[in-house]
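Student: Fold the following, please.
(2 chains)
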Amino acid sequence: MSDQKLPPRSKDFSEWYNELVIRSELADYAPVRGCMIVRPYGWALWENIQQSLDRRFKATGHVNAAFPLLIPRSFIDKERSHVEGFSPELAVVTHGGGEELEEPLVIRPTSETIIGYAYSKWIQSYRDLPVLINQWNSVMRWEMRTKLFLRTTEFFWQEGHTAHATLKEADIETRQMLDIYQDFAVNDAAVPVIPGLKSEQERFAGADQTFSIEAMMGDGKALQSGTSHNLGQNFAKAFDIRYLDQNGELQYCWTTSWGLSTRFIGAIIMVHGDDQGLILPPRLAPHQAVIVPIFKTDEERTKVMLAARKIRSELVSSDFRVVLDEREGVSPGFKFNDWEMRGVPLRIEIGPKDIAKETVVLARRDIPGREGKSFVPQAGLPDSVRQALNSIQGALYERALKFREDNTTAPENYAAFKGAVEKGFAYSFWCGSAQCEKSIKEETKATLRCIPLDQTGDKGACIYCGKPAEEKAYFAKAY
RNA sequence: CGGGGCGUGGCGCAGUCUGGUAGCGCGCCUGCUUUGGGAGCAGGAAGUCCCCGGUUCAAAUCCGGGCGCCCCGACCA
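Tutor: Numbering: from 1, shown residues only, chains lettered A, B, ... in the order given. Next up is the predicted model:
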């Protein structure tokens, strides 16, 4: 903690982000380059994200399991584009027990290969399908440039891996999981996202199709916030995942994989945060409300603390995540600022004046200053808190959506396109050529984020080459 | 891996040019006064000056060589 202000978000977004992550105690730097220590406050947020997603996975028939951290090097080599995609970023274990290993082991950069190995053993008949397994773990990719949560060498995530009898089923699964990510992002994280298909360039190494949800950060840049891959039969062929169908014929399975990582915490920070610090969506916030007691004399203190504790237990019984700030020696004003920096969505102030009137002050994190404050009776507080939190949850989403809309344009021509991607998203016709995509990237630094699923069916001219185009895509600078 | 910046109590920095008692702010500890928007005063603890070597009576400071971190670019969830 420090009594200095954060660097203003508007002035230096990157610096604001770095300092905020440290100061809010979400995470800290580790002794190994690119790795991060997730501190209890950050982990609590991650746990809420986990529960939120896990509930949805279970509701759609998935089960959790754990696969090993170490993978034989040769496994990675079995799928051609997978090798090409991951080789440069592998961490390799060459020694164990004081001796050089016969075959080097890689620390998993993702688990398609080892899961392919297992599935080939487990699946024999169409009766064994589908297999719907998820695992919560961490993986390691040797990144050149890292940033806490957004891109770390080791990151935490979930990776779902499924196997199906038909392409159709795999396709349904891939899209279903994308929907689940969108539902989570919108309804729990209050982060508006664009679901869409990745271009060939941006596709996962080893996938036939990659879908993603793309979100706009507070500086107008895009963040890929969750991905779902249709792996076709690529891994089934590489690892011999086959089943005997109803006609007694041997068939390769169709597999999928999908993941969402601690990167999403970065999205929450960058979508909702302001100059004061974090603003956490009520559904995911470790503390949904903080009670700050205010008093001068010992007599006041006794009364206020009694009331504050009563309020706390009432709210806890109503299933709110609430914390009472009993710290001594720091002023209420300090506590206000401290909890605002840490993004607690609702503050409940209670002092002698409130005791006399049997009220409390509710202060909304999303509306700074006096305007965000209201006096409410202590009686029926759980209902007032519920209402306030719901309202904040909704307001955060609306604000983020408006920001995205205000910073998304459909440029008329390439000159306007160049300007558009400096500020936010450009939504333009694209002819489908990888060459146009590459040229755009070279000239503007913007990449094709996704081809949204809800195409209007209109036709137009490619923003780059002017040739006939049937699809519109989002382009933006990205994290 | 290229370009830029930086390594000095926990954090942020000054001191380096021009070698000579290691300093400031914040935080931390103790006490008193405070407490409705980042409290005040007094006292106190805390530093291999990134590492190794060299020059010198003397190095945070000069010289040589390493290492690490941050920012900007090429690769990526």
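
Student: Domains in chain A, by residue range?
Tutor: Domain ranges of chain A: A:13-272, A:289-391, A:408-476, per automatic domain parsing.

Student: Any idea how far apart the tips of the longest one sit?
Tutor: Across its full length, domain A:13-272 reaches 13 Å end to end, with CA to CA, to the nearest Å as the criterion.

Student: what distance separates it from the centre of its chain?
Tutor: From the chain centre to the centre of domain A:13-272 is a distance of 12 Å (CA atoms, centre = their mean, to the nearest Å).

Student: who are the neighbours in contact with residue A:206?
Tutor: A:79, A:81-82, A:85, A:112, A:229, A:231, A:234-235 (CB atoms under 8 Å, 6 or more residues apart in numbering). Just so you know, the C-beta spots here come from the backbone N, C-alpha and C atoms, and that holds for glycine as well.

Student: 6 Å instead, please
Tutor: A:79, A:81-82, A:234 (CB atoms under 6 Å, 6 or more residues apart in numbering).

Student: Same list (the domains of chain A) but as a markdown table, adding distance to residue A:7.
Tutor: Below are the domains of chain A laid out as a markdown table (distance: least, CB to CB, whole Å):
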| stretch | distance to residue A:7 |
| --- | --- |
| domain A:13-272 | 5 |
| domain A:289-391 | 13 |
| domain A:408-476 | 21 |
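
Student: I'd like those as JSON lines, with mean pLDDT appended.
Tutor: Listed next are these as JSON lines, based on pLDDT from 0 to 100:
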{"stretch": "domain A:13-272", "mean pLDDT": "93"}
{"stretch": "domain A:289-391", "mean pLDDT": "96"}
{"stretch": "domain A:408-476", "mean pLDDT": "93"}
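
Student: Which of these sits closest to residue A:402?
Tutor: domain A:13-272 (9.2 Å; CB to CB).

Student: Going through the contacts of residue A:206, which ones are buried?
Tutor: A:79, A:82, A:234 (16 or more other CB atoms under 10 Å).

Student: where along the stretch 251-400 of chain A do the strands fall?
Tutor: A:254-261, A:289-293, A:322-324, A:346-350, A:359-364, A:373-377 (DSSP state E, counting those that start in this stretch).

Student: wait, which of those is closest to residue A:225?
Tutor: Of the strands of the stretch 251-400 of chain A, the one closest to residue A:225 (CB to CB) turns out to be strand A:254-261, at 7.2 Å.

Student: Report the strands that pair with that closest one, each with its relative direction.
Tutor: strand A:154-164 (antiparallel), strand A:222-230 (antiparallel) (DSSP bridges).

Student: Is RNA strand B within reach of the shortest one?
Tutor: I take that to be strand A:222-230. Yes: under the criterion of CB under 7 Å from any atom of the strand, strand A:222-230 makes contact with RNA strand B via A:224, A:227.

Student: Output that strand as CSV, restricted to C-alpha atoms.
Tutor: Coordinates of each C-alpha in strand A:222-230 appear next as CSV, following Å, rounded to 0.1, in the frame of the first residue of the first chain:
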residue,chain,number,x,y,z
ALA,A,222,-8.4,-6.2,-28.7
LEU,A,223,-7.9,-9.1,-26.4
GLN,A,224,-8.6,-12.7,-27.4
SER,A,225,-10.3,-13.8,-24.3
GLY,A,226,-11.3,-17.4,-24.9
THR,A,227,-10.8,-19.9,-27.7
SER,A,228,-12.6,-23.0,-28.9
HIS,A,229,-11.0,-25.3,-31.6
ASN,A,230,-12.4,-27.8,-33.9
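
Student: Could you identify which of the strands paired with strand A:254-261 is most buried?
Tutor: Mean neighbours per residue, mean count of other CB atoms under 10 Å, is largest over the strands paired with strand A:254-261 for strand A:222-230, with a mean of 25.

Student: Tell me which residues are up against it.
Tutor: So strand A:222-230 is contacted by A:170-171, A:174, A:177-178, A:181, A:204, A:207-215, A:217, A:256-260, A:264, A:267, A:449, A:476, A:478-479 (CB under 6 Å, 6+ apart).

Student: Out of these, just show me the ones up against RNA strand B, please.
Tutor: Okay, of the contacts of strand A:222-230 touching RNA strand B (CB under 7 Å from any atom of the strand), that's A:204, A:212, A:259, A:478-479.

Student: So which of the residues you listed are in strands?
Tutor: Using DSSP state E, the subset of those located in strands is A:212, A:259.

Student: Rebuild the ones next to RNA strand B among the contacts of strand A:222-230 as JSON lines, extending it with neighbour count and distance to residue A:326.
Tutor: Shown next, in JSON lines, are those (neighbours: other CB atoms under 10 Å; distance: CB to CB, whole Å):
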{"residue": "A:204", "neighbour count": "23", "distance to residue A:326": "49"}
{"residue": "A:212", "neighbour count": "26", "distance to residue A:326": "44"}
{"residue": "A:259", "neighbour count": "22", "distance to residue A:326": "40"}
{"residue": "A:478", "neighbour count": "16", "distance to residue A:326": "44"}
{"residue": "A:479", "neighbour count": "18", "distance to residue A:326": "39"}
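
Student: and which of the ones next to RNA strand B among the contacts of strand A:222-230 is nearest RNA strand B?
Tutor: residue A:204 (5.3 Å; CB to the nearest atom of the strand).

Student: Name the stretch among the domains of chain A that sits most buried.
Tutor: domain A:13-272 (a mean of 19).

Student: isn't residue A:211 right up against residue A:180?
Tutor: No: using CB atoms under 6 Å, residue A:211 is not in contact with residue A:180; the gap is 11.6 Å.

Student: The nearest residue to residue A:84 once chain neighbours are set aside: what's it in contact with?
Tutor: Nearest residue to residue A:84, sequence neighbours excluded (CB to CB, 6 or more residues apart in numbering): residue A:205, at 6.4 Å. By CB under 6 Å, 6+ apart, residue A:205 lies in contact with A:81-82, A:85.

Student: With residue A:290 instead?
Tutor: Residue A:290 neighbours (CB under 6 Å, 6+ apart): A:323, A:325, A:339, A:344, A:347.

Student: for chain A, longest helix please?
Tutor: helix A:381-406 (DSSP state H).

Student: Now do it: which elements does it pack against?
Tutor: Packing contacts for helix A:381-406, counted by 3 or more CB pairs under 6 Å, 6 or more residues apart in numbering; DSSP states H and E, involve no helix or strand.

Student: hmm, 7 Å instead?
Tutor: helix A:263-272, helix A:298-317, strand A:346-350, strand A:359-364 (3 or more CB pairs under 7 Å, 6 or more residues apart in numbering; DSSP states H and E).
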